[in-house]
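Novice: Structure for the following, please:
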Amino acid sequence: MNIDFWDGFKSYMRRSKSSALPRVNWLAYPTDLKHTYLRLFCDASTTAVRYDIQFKDKEVRTLFWEQLNELKKLLNSTMNVETNWVEHLDSNGMVISRIYWESKDWSLYKVKDWKKMYRFMQERLLEFDLFYQEYKEILINLIK
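Specialist: Predicted coordinates:
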């Protein structure tokens, strides 16, 4: 079921275009920055798009997080749903910072919900892409 869901999503996103990139594998969005990841998540009660910041160096992670906070107003204005910010999340012994968008309205285990889940993730991905392509050089140059 999991494989069918993600294969279906890949097909659903085939025609979706990035604001700046010629081709995008939406399941492995290219952030062009080590230790930052755009992840898709679905289970029995949650559909989410998550931007995880996982720098091992606490100072680098803090600096990056502060810069994202400077861009917070711009990011929030780009997204059409509430943006959640979690500065320190302990995930399997690793401290990460996360920005995420989620819905608790659908289940991966109900095939009739899949189109709604696809649409939710597609909208968040395209909105995030619009923001990220505009401001990624600021973030990349911060870490160099």
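
Novice: check contacts around Asp129.
Specialist: The neighbourhood of Asp129, defined by Cβ atoms under 8 Å, 6 or more residues apart in numbering, consists of 18-21, 24, 29. (Glycine included, C-beta is placed from N, CA and C.)

Novice: cool, Asn2 as well?
Specialist: The contact partners of Asn2, taken as Cβ under 8 Å, 6+ apart, are Leu108.

Novice: Lys56 versus that one, what's the distance?
Specialist: Noted for Asn2: a distance of 30 Å to Lys56, by Cβ to Cβ, to the nearest Å.

Novice: can I get the contacts of Asp129 in TSV with neighbour count, distance to Asn84 and secondary structure?
Specialist: Formatted as TSV, the contacts of Asp129 follow (neighbours: other Cβ atoms under 10 Å; distance: Cβ to Cβ, whole Å; DSSP: H, G, I helix; E, B strand; the rest coil):
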residue	neighbour count	distance to Asn84	secondary structure
Ser18	17	24	coil
Ser19	13	23	coil
Ala20	12	25	coil
Leu21	12	26	coil
Val24	17	24	coil
Tyr29	20	18	coil
